[in-house]
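Asker: Only the shape, not the letters, is given here:
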């Protein structure tokens, strides 16, 4: 079996199971296997989130609230306490938890469909309130779990199943730049956007997530890290093209960098 | 320790909730629920509790959901319209097996089905308690928190404009009592890193794709739990003069109190009328209703709607006695559920007509 075969395409199921070269699973992820597509960026983001919890020694005080999307599969794979919320509703659920356990570390994991479509008011209200929680937005600009429809973060010209000729501002409106919006809120203490499409950006993702966690532990207020993730299946591109597609399609609109920091 | 005082219904309920151990409350202002939120905002800080003026009903029920996962007694509420917005979460909170008390200060009696049929998606029901006045509401508020904790499920207290805004002399327990202990299933982060961290999910536990994760089995277990509650919760009912009654009148809530009084006056005048006033609306006191009306020639149901509880009365009597609906919607110009037809002469007239 050549390496090439593993990465060939997502058009059909793999002929053979992926070979486990070594176990790099972080200690707070209980299952090495996941059911997300080859080339998906979400497991990389989840991994960074869990490694940062471990490094800051927050495992015994963490409650993670999951939204609904592909990443929800990880709700059952983590060795931190989890509350499964409804699509869009994680920030209010996290608020109730944090208010009753002010010394706990409370975070949400949500996608762009979850946070920016269904739950936009939830995250903005939490930011305005200065709620001392951390929200992670896994933004791939598409509804991955339902198979590649347009979300509010889909960029102009981006082709999806519900913007077949590309997102047209006259017909589909303009993308919402969630982090830019959240950064305008006085209650937001830390807001940053990053990506997981290359090694440098993965390292940056981990750094931003760590800063957001530290901000919450210092009681500074609301923190948000938006992470651009690959979705070759939902984008209808070959697995290997995912990182480049992210760089060319999402990153020029959803700009990477810290938008608000102490 | 109880102090008797003249209190607005909303304040009496708020005090009873805090006395029962409620430590988190949240809501969105809406008539006639608003005052309950205001009183909770004033009371909860006295016991180191938290009250949040949520930005929407959707967020209110989400916050209450989160607070409930920490094992502290949580409550929220609204009126029927606001409750409509909360239904998606209430359904999922039920499947996540979390205790929660929901105060529904409804407008009129049009929301009986919403309250007793679960209200949202899925195969579930909530325990529903419908007090007729302030002293009964104080008792039932305490019971609501007990039942919510015992069954790990949402429990609704179904009131209305009259209950929320009427002042009555009432004994309310001290709010300084101890809250129940936080149960073992609650989250506080401490099981993280143990290799088997806790999860609270409407989708059940286990690892997806592995043994132990079975959404179908979880939904079946949730439905079985609802059946268990249906059989295990003892429904409360107020019954009067049914032994020799030719006609039994059924009504609930504030309206039920007026119907009861109308029946008393008609008794004084020599008419053989009795009444049943279901207090627990789910599970419905079907057996008690069936027995109470067994000797009557007819049952009349008075509700201020187009006929909703009448279905449950028909199911309870199973055709043994004819059931007639004698209610009707009753709205004043405000639409807040102040029923101009809640008056004893009007109700008496309808009862006499059914009797003839």
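Answerer: It's in. Please read all numbers here as calculations on a predicted model, not as lab measurements. Numbering: from 1, shown residues only, chains lettered A, B, ... in the order given.

Asker: Which residue lies closest in space to residue B:35, excluding its sequence neighbours?
Answerer: residue B:10 (3.7 Å; CB to CB, 6 or more residues apart in numbering or on different chains). C-betas here are computed from N, CA, C, even on glycine.

Asker: Would you quantify the distance from that neighbour to residue B:40?
Answerer: Distance, residue B:10 to residue B:40, by CB to CB, to the nearest Å: 9 Å.

Asker: Between these two, tell me which one has more neighbours.
Answerer: Set side by side, residue B:10 and residue B:40 show more neighbours around residue B:40, with 31 against 26, by other CB atoms under 10 Å in any protein chain shown.

Asker: re the thing from before, show me what contacts the residue nearest to residue B:35?
Answerer: Counting by CB atoms under 8 Å, 6 or more residues apart in numbering or on different chains, residue B:10 touches B:35, B:36, B:38, B:39, B:105, B:164, B:165.

Asker: any weak-confidence spans in the stretch 1-150 of chain B?
Answerer: Flagging of the stretch 1-150 of chain B using pLDDT under 70 yields the residue ranges B:1-2.

Asker: where exactly do the helices run in it?
Answerer: Ranges of helices in the stretch 1-150 of chain B, per DSSP state H, counting those that start in this stretch, are B:9-19, B:34-43, B:57-69, B:80-95, B:112-116, B:134-151.

Asker: interface residues of the stretch 101-250 of chain A facing chain B?
Answerer: Taking CB under 8 Å from any CB of the partner chain as the contact definition, the stretch 101-250 of chain A meets chain B at A:101, A:104, A:105, A:121, A:122, A:125.

Asker: Adding neighbour count, write the residues you listed out as JSON lines.
Answerer: Listed next are these as JSON lines, based on neighbours: other CB atoms under 10 Å in any protein chain shown:
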{"residue": "A:101", "neighbour count": "22"}
{"residue": "A:104", "neighbour count": "21"}
{"residue": "A:105", "neighbour count": "24"}
{"residue": "A:121", "neighbour count": "15"}
{"residue": "A:122", "neighbour count": "29"}
{"residue": "A:125", "neighbour count": "20"}
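
Asker: which ones among those residues are found in helices?
Answerer: Among those, the ones falling in helices (DSSP state H) are A:121, A:122, A:125.

Asker: Relative to residue B:147, which of these is nearest.
Answerer: In terms of CB to CB, no member of those lies closer to residue B:147 than residue A:122, at 29.7 Å.

Asker: so how many other residues sit close to residue 127?
Answerer: Just going to use chain A. For residue A:127, the count of nearby residues is 27 (other CB under 10 Å).

Asker: Oops, wrong one, chain B.
Answerer: For residue B:127, the tally of surrounding residues (other CB under 10 Å) stands at 25.

Asker: hang on, the earlier thing: which one (most neighbours) among the contacts of residue B:10?
Answerer: Highest neighbour count within these: residue B:105, with 32 neighbours (other CB under 10 Å).

Asker: Now it: closest residue in space that isn't a chain neighbour?
Answerer: residue B:33 (4.1 Å).

Asker: From what I see, the one you found and residue B:80 are in contact.
Answerer: No: counting by CB atoms under 8 Å, residue B:33 stays clear of residue B:80, with 9.8 Å between them.

Asker: top helix in chain A by residue count?
Answerer: helix A:199-217.

Asker: And the next helix or strand past it?
Answerer: strand A:222-228 (DSSP states H and E).

Asker: Quick one: distance of that following strand to the chain centre.
Answerer: Strand A:222-228 has its C-alpha centroid displaced from the chain centroid by 8 Å (CA atoms, centre = their mean, to the nearest Å).

Asker: Give me the helices and strands touching that strand, please.
Answerer: Counting by 3 or more CB pairs under 8 Å, 6 or more residues apart in numbering or on different chains; DSSP states H and E, the packing neighbours recorded for strand A:222-228 are helix A:120-129, strand A:134-139, helix A:178-183, strand A:188-195, helix A:199-217.

Asker: Any chance of JSON lines for those, columns distance to residue B:137 and mean pLDDT?
Answerer: Below are the helices and strands packed on strand A:222-228 laid out as JSON lines (distance: least, CB to CB, whole Å; pLDDT from 0 to 100):
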{"stretch": "helix A:120-129", "distance to residue B:137": "31", "mean pLDDT": "98"}
{"stretch": "strand A:134-139", "distance to residue B:137": "39", "mean pLDDT": "98"}
{"stretch": "helix A:178-183", "distance to residue B:137": "42", "mean pLDDT": "98"}
{"stretch": "strand A:188-195", "distance to residue B:137": "42", "mean pLDDT": "98"}
{"stretch": "helix A:199-217", "distance to residue B:137": "40", "mean pLDDT": "98"}
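
Asker: Check the ones you listed for me and report the most buried one.
Answerer: Neighbour counts (mean count of other CB atoms under 10 Å in any protein chain shown) averaged over each of these peak at strand A:134-139, with a mean of 28.

Asker: Relative to that strand, what are the paired strands and their orientations?
Answerer: strand A:105-111 (parallel), strand A:222-228 (parallel) (DSSP bridges).

Asker: Can you name the next helix or strand after the first one?
Answerer: Next in sequence after strand A:105-111, counting helices and strands by DSSP H and E, comes helix A:112.

Asker: And the contacts of that following helix?
Answerer: With CB under 8 Å, 6+ apart as the contact definition, helix A:112 has outside contacts at A:137, A:138, A:139, A:140, A:141, A:142, A:151, A:152, A:153, A:178.

Asker: Run a quick neighbour tally on the closest residue in space to residue A:84 that isn't next to it in sequence.
Answerer: Once flanking residues are discounted, residue A:84 sits nearest to residue B:201: 3.4 Å by CB to CB, 6+ apart. Residue B:201: 20 surrounding residues under other CB under 10 Å.

Asker: List the contacts of residue B:201.
Answerer: Each residue near residue B:201 by CB under 8 Å, 6+ apart is listed here: A:75, A:76, A:82, A:83, A:84, B:96.

Asker: okay if I get these as JSON lines plus neighbour count, distance to residue A:14 and secondary structure?
Answerer: Listed next are these as JSON lines, based on neighbours: other CB atoms under 10 Å in any protein chain shown; distance: CB to CB, whole Å; DSSP: H, G, I helix; E, B strand; the rest coil:
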{"residue": "A:75", "neighbour count": "22", "distance to residue A:14": "25", "secondary structure": "helix"}
{"residue": "A:76", "neighbour count": "23", "distance to residue A:14": "23", "secondary structure": "helix"}
{"residue": "A:82", "neighbour count": "26", "distance to residue A:14": "29", "secondary structure": "strand"}
{"residue": "A:83", "neighbour count": "29", "distance to residue A:14": "33", "secondary structure": "strand"}
{"residue": "A:84", "neighbour count": "24", "distance to residue A:14": "29", "secondary structure": "strand"}
{"residue": "B:96", "neighbour count": "24", "distance to residue A:14": "35", "secondary structure": "coil"}
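
Asker: how much space between residue A:192 and residue B:89?
Answerer: Applying CB to CB to residue A:192 and residue B:89 gives a distance of 30 Å.

Asker: which SS state does the closest residue to residue A:227 other than its chain neighbours fall under?
Answerer: Closest residue in space to residue A:227, ignoring its immediate chain neighbours: residue A:45 at 4.5 Å, by CB to CB, 6+ apart. Here residue A:45 takes the helix state, with states given by DSSP: H, G, I helix; E, B strand; the rest coil.

Asker: since we're on residue A:45, how many residues are nearby?
Answerer: Applying other CB under 10 Å, we find 28 residues neighbouring residue A:45.
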